[in-house]
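**Student:** quick one: sequence plus predicted model below, questions after.
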Amino acid sequence: MTATPHAPQPPRAKKVPVERIHHGDVFVDEYEWLRDKENAEVVQHLEAENAYQEAVTADQEPLREAIFQEIKGRTLETDLSVPGRKDGWWYFTRTAEGKDYPVFCRVAAADTGDALADWTPPVVEADVVLDGEQTLLDGNAEAEGQPFFSVGGTAVTRDGTLYAYAVDNAGDERFTVRIKDLRTGELLPDVIEGAFYGLAFPPDGTRLFYTVVDETWRPHQVRSHTLGTPVDEDELVYQEDDPGMWLGFELSAERTHLVVASSCSEYSEVRLLDFADPGAGLRTVIPRDARILYEAEPFTLPASDDGEPTDGVLLTHDRDAVNSMVSFVAWDELARPLEDQQWVTLVPHSDDVRVNGTAILKDFVVLSVREDTLERVQFLPRAGLGTPRQAEPAEPVFDEELFTAYLSGADHDAPMVRLSYTSFFTPTRVYDFVLPTADAPAGELLLRREQPVLGGYDPSDYVATREWATASDGTRIPLSVLRHRSVQPDGTAPGLVYGYGSYEVSMDPAFVVSRLSLLDRGIVFVDAHIRGGGELGRRWYEQGKKLAKKNTFTDFIAATDHLASAGWVDPQRVAALGGSAGGLLMGAVANLAPEKYAAIVAQVPFVDALTTILDPELPLSALEWEEWGNPITDPEVYAYMKSYTPYENIRETAYPKIAAVTSFNDTRVLYVEPAKWVQALRDRNTGSEPVVLKIEMDGGHGGASGRYVQWRERAWDYAFITDALGARELLPGAGPR
């Protein structure tokens, strides 16, 4: 990259060649030394990178400030959540203007015998303390004097007397767990260091379950801490030794069992601990050798006309069902060899509908399904399940074409469940859905709250449409095209294409306040629902992983080409945005088609994927084998990955403006990946556009903590993009009012 004599000069890291040899292939890595975060020279270099990006983007500061103020001006800074009931209490949060973090609160619930009234949440108002309101945790007080603050989980005992919470003050996703006695407000002496996400008390409240990670940051143990005993005496409930498996746990719906699950993207193994008979230990549902991807929950199948209720397990599984299905298996059947077991089909397989999961209520099974890219919620009555009398599932009806609805809260015995609903231009709504009855078979949606948006926001100012691009192999790729209503498809608008395309993660319709600042500047924002995601079912995912991974990248480029050919964007004014695995996507398309983009922003980008996955001792690398393949043992996987991973495929060409945004304490994608990538890009860039690295020295994978800092980070990204696209100015009449 060339520079004018008076332009800021990028820092140049020294070159220390290191050979990486696998399957007879030699790759010389000149910047691997940047991995040593304890090295003062490395820290000095990263600080120089920050100074360079600040100098290069200094003229964008007024634009960043404008976008920040737009985000702030549209956000109700003093905000409240809708209380959700758990046992005898309503739990909610308060967020105050000028404060970064929420305050966790609760108030006692009533039990009058009128179920609907008892499950109707109290009205919470700003600056009005409810009668009997308690503060459980003040995030602002906890964060005071700390460089970072994040809550990794909370749990409360069934009797409501003890409250456990996990706090991270470094951004490395290792949490300190404390337990508060809510009767006295005092902390118990029990302190657990180094825990991971997830906390749970069993029904008797005498113990606390938690997970810990191994040296590669993989959750590998579930432990049980008995209150009042030394932490170093905590019981090991289960240890997962397979480096390719992720371990987690939860309580069953009726809180009768601990559900311990080991899983990867292709198969799983669930174990159940019966609290009524803990001495019996963990019981395996289906062994991993069966290579079935499943979830399991203790379940009682209602009695048939001529029989008794049957105890067993509800399975959401992919056995002979690529898009998954739901079955019931009796306990007695599970004792037999798998091939001899009789499973009762409750929800059959469909090529068009992906079953993502289930939840169990007293009278219903809740289904999370995806059809035609959209996630929806259905309610299947338990009465008649598995018999000819089985009813069709009920489903709440919404009035938009592109939306997302999902279960956000459910109590086993409640007469209603909590749903969250959003679309691209409908702010998040919180509904309580009154479950269907004989008198009201469709159920009833009760709107509890819609996220307030200030600044004169009018959803009719914006338009969302579904477009379809065509990949080189003829596959149709869904696109969500968002624009200000004044923007027409005349080939003159700037565009921003966003993509992810990994791990079967879907980019669902959702309202994002900050995105309005792009649309108000005339930018057409596009979600490219590329292969590797889950928008069109399990096959869509499988067509974008392992030895089909390149489909993800070429789909993104095909989406970009479609937008230009359809007139939605000016082909000279298109930017690309993606993070984490989507950052790998950004690096790949930068190498494949740099001429198609005016700017690329890669957030916490996985751009040195092959180096990472070749070293199973690096954080989380072994877990990636089921997504990308195992290049350590398979020469074909190695060669395929090396042909697309961004760091190895930088070439002599003119790259567009590129910004890599990362965090020093990220444990999922280490800072060294973008740090090395940026150096190598500068070495081979024949163009004159800057390549910058922005690194948050106190943040984790999600960036810095605190909502105001996060808004400024988003403003930084968007200012970089809008400046590159020549779209600094608001459209006439657009913006907060």
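**Tutor:** Received, thanks.
**Student:** lowest-pLDDT helix or strand in the chain?
**Tutor:** Taking mean pLDDT, DSSP states H and E as the measure, the helices and strands of the chain show their lowest mean at strand 79-80, namely a mean of 84.
**Student:** how about Arg712, secondary structure?
**Tutor:** Of the three states, Arg712 takes helix under DSSP: H, G, I helix; E, B strand; the rest coil.
**Student:** Leu272 now?
**Tutor:** Judged by three-state DSSP, the three-state class of Leu272 is strand.
**Student:** ok so, going back, what are the buried residues along the helix or strand following the least confident helix or strand of the chain?
**Tutor:** Following strand 79-80 in sequence order, the next helix or strand is strand 84-86 (DSSP states H and E). Of the residues in strand 84-86, those buried by neighbour count under the rule 16 or more other C-beta atoms under 10 Å are 84-85. The C-beta positions use only the backbone N, C-alpha and C, and glycine is treated the same way.
**Student:** which strands or helices does the helix or strand just after strand 84-86 pack on?
**Tutor:** Reading on from strand 84-86 to the C-terminus, the next helix or strand found by DSSP H and E is strand 89-95. Where contact means 3 or more C-beta pairs under 8 Å, 6 or more residues apart in numbering; DSSP states H and E, strand 89-95 is packed against strand 79-80, strand 84-86, strand 103-108.
**Student:** distance to Ala170 added to the ones you listed, as TSV?
**Tutor:** Below are the helices and strands packed on strand 89-95 laid out as TSV (distance: least, C-beta to C-beta, whole Å):
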stretch	distance to Ala170
strand 79-80	27
strand 84-86	30
strand 103-108	21
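**Student:** re earlier: touching the least confident helix or strand of the chain from outside, list them.
**Tutor:** Taking C-beta atoms under 8 Å, 6 or more residues apart in numbering as the criterion, the residues outside strand 79-80 that touch it are 92-95, 124-126, 452.
**Student:** so which of the helices and strands packed on strand 89-95 is the most packed in?
**Tutor:** strand 103-108 (a mean of 20; mean count of other C-beta atoms under 10 Å).
**Student:** chain center to the next helix or strand after that strand, what's the gap?
**Tutor:** Scanning the chain past strand 103-108 towards its C-terminal end, the next helix or strand to appear is helix 115-118 (assignment: DSSP H and E). Going by C-alpha atoms, centre = their mean, to the nearest Å, the spacing between the C-alpha centre of helix 115-118 and its chain's C-alpha centre is 33 Å.
**Student:** repeat for stretch 114-124
**Tutor:** 31 Å.
**Student:** if we go by neighbour counts, what in that stretch is buried?
**Tutor:** Burial within stretch 114-124, assessed by neighbour count using 16+ other C-beta under 10 Å, is assigned to 119-122, 124.
**Student:** do the same with stretch 591-598
**Tutor:** By 16+ other C-beta under 10 Å, the buried positions in stretch 591-598 come out as 591-594, 596-598.
**Student:** among these, which ones are in strands?
**Tutor:** Secondary structure defined by DSSP state E assigns none of the buried residues of stretch 591-598 to strands.
**Student:** may I see the residues you listed arranged in TSV, with distance to Trp343 and pLDDT as well?
**Tutor:** Compiled in TSV, the buried residues of stretch 591-598 are given as follows (distance: C-beta to C-beta, whole Å; pLDDT from 0 to 100):
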residue	distance to Trp343	pLDDT
Asn591	47	98
Leu592	45	98
Ala593	48	98
Pro594	52	98
Lys596	49	98
Tyr597	50	98
Ala598	54	98
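**Student:** so which of those residues is the closest to Arg291?
**Tutor:** Proximity of those to Arg291 was ranked by C-beta to C-beta; the top entry is Leu592 with 33.8 Å.
**Student:** which parts of this protein are helices?
**Tutor:** 40-56, 61-74, 115-118, 139-143, 331-334, 516-519, 538-542, 550-565, 581-592, 609-613, 625-628, 635-642, 672-684, 707-724 (DSSP state H).
**Student:** what's the closest of these to Gln603?
**Tutor:** Taking C-beta to C-beta as the criterion, helix 581-592 is the member of the helices of the chain that comes nearest to Gln603, at 5.9 Å.
**Student:** and the closest one, what does it pack onto?
**Tutor:** The contact analysis (3+ C-beta pairs under 8 Å, 6+ apart) places helix 581-592 against helix 550-565, strand 574-579, strand 599-603, helix 672-684.
**Student:** what angle do it and strand 599-603 make?
**Tutor:** Compare the direction of helix 581-592 with that of strand 599-603 by axes from the mean of the first three to the mean of the last three C-alpha atoms, to 10 degrees and you get 150 degrees.
**Student:** next, the angle from helix 581-592 to strand 574-579.
**Tutor:** An angle of 140 degrees separates the directions of helix 581-592 and strand 574-579 when computed by the same axes, to 10 degrees.
**Student:** ok now helix 581-592, how far from the chain's centre?
**Tutor:** 19 Å.
**Student:** that one vs helix 550-565, what angle?
**Tutor:** Relative orientation of helix 581-592 with respect to helix 550-565: 70 degrees, computed using the same axes, to 10 degrees.
**Student:** give me the neighbour count for the closest residue to Ala622 other than its chain neighbours.
**Tutor:** Setting aside the residues directly before and after it, Ala622 is nearest to Pro243 in space (C-beta to C-beta, 6 or more residues apart in numbering), at 3.5 Å. Neighbourhood size, Pro243 [other C-beta atoms under 10 Å]: 16.
**Student:** ok, and the closest non-adjacent residue to the residue nearest the centre of the chain?
**Tutor:** For the chain, the residue lying nearest the average C-alpha position, counting by C-alpha atoms, centre = their mean, turns out to be Val505 (8.0 Å). In space, not counting the residues next to it along the chain, Val505 is nearest to Gly533; the distance is 5.8 Å by C-beta to C-beta, 6+ apart.
**Student:** that neighbour bridge partners, please.
**Tutor:** The partner list for Gly533 in beta bridges (DSSP bridges) reads Arg531.
**Student:** that one and Pro478 touch, don't they?
**Tutor:** No: under the criterion of C-beta atoms under 8 Å, Gly533 is not in contact with Pro478, lying 9.8 Å apart.
**Student:** which of the two has more residues huddled nearby?
**Tutor:** Applying other C-beta under 10 Å to Gly533 and Pro478 shows that Gly533 carries more neighbours, namely 27 against 20.
**Student:** wait, isn't Pro594 in contact with Ala654?
**Tutor:** Yes: counting by C-beta under 8 Å, a contact exists between Pro594 and Ala654, whose distance comes to 6.6 Å.
**Student:** the top strand by length along the chain: how far from the chain's middle?
**Tutor:** Ranked by residue count under DSSP E, the longest strand found in the chain is strand 186-200. Put simply, strand 186-200 sits 24 Å off its chain's centre (C-alpha atoms, centre = their mean).
**Student:** helices and strands around it, which ones?
**Tutor:** For strand 186-200, the packing partners by 3+ C-beta pairs under 8 Å, 6+ apart are strand 150-156, strand 162-168, strand 175-181, strand 207-213, strand 219-226, strand 246-251.
**Student:** touching that strand from outside, list them.
**Tutor:** Contacts made with strand 186-200 from outside it, assessed by C-beta under 8 Å, 6+ apart, are listed as 152-155, 162, 164-166, 173-181, 208-213, 219, 225, 227-228, 231, 234, 248-251, 258.
**Student:** strands paired with the least confident helix or strand of the chain, and their directions?
**Tutor:** The strands that strand 79-80 pairs with in its sheet are strand 89-95 (antiparallel) (by DSSP bridges).
**Student:** tilt between the strand it pairs with and strand 150-156?
**Tutor:** Going by the same axes, to 10 degrees, strand 89-95 is angled at 160 degrees with respect to strand 150-156.
**Student:** so what's Leu315 bridging to?
**Tutor:** With beta bridges defined as DSSP bridges, Leu315 has these partners: Ala296, Ser327.
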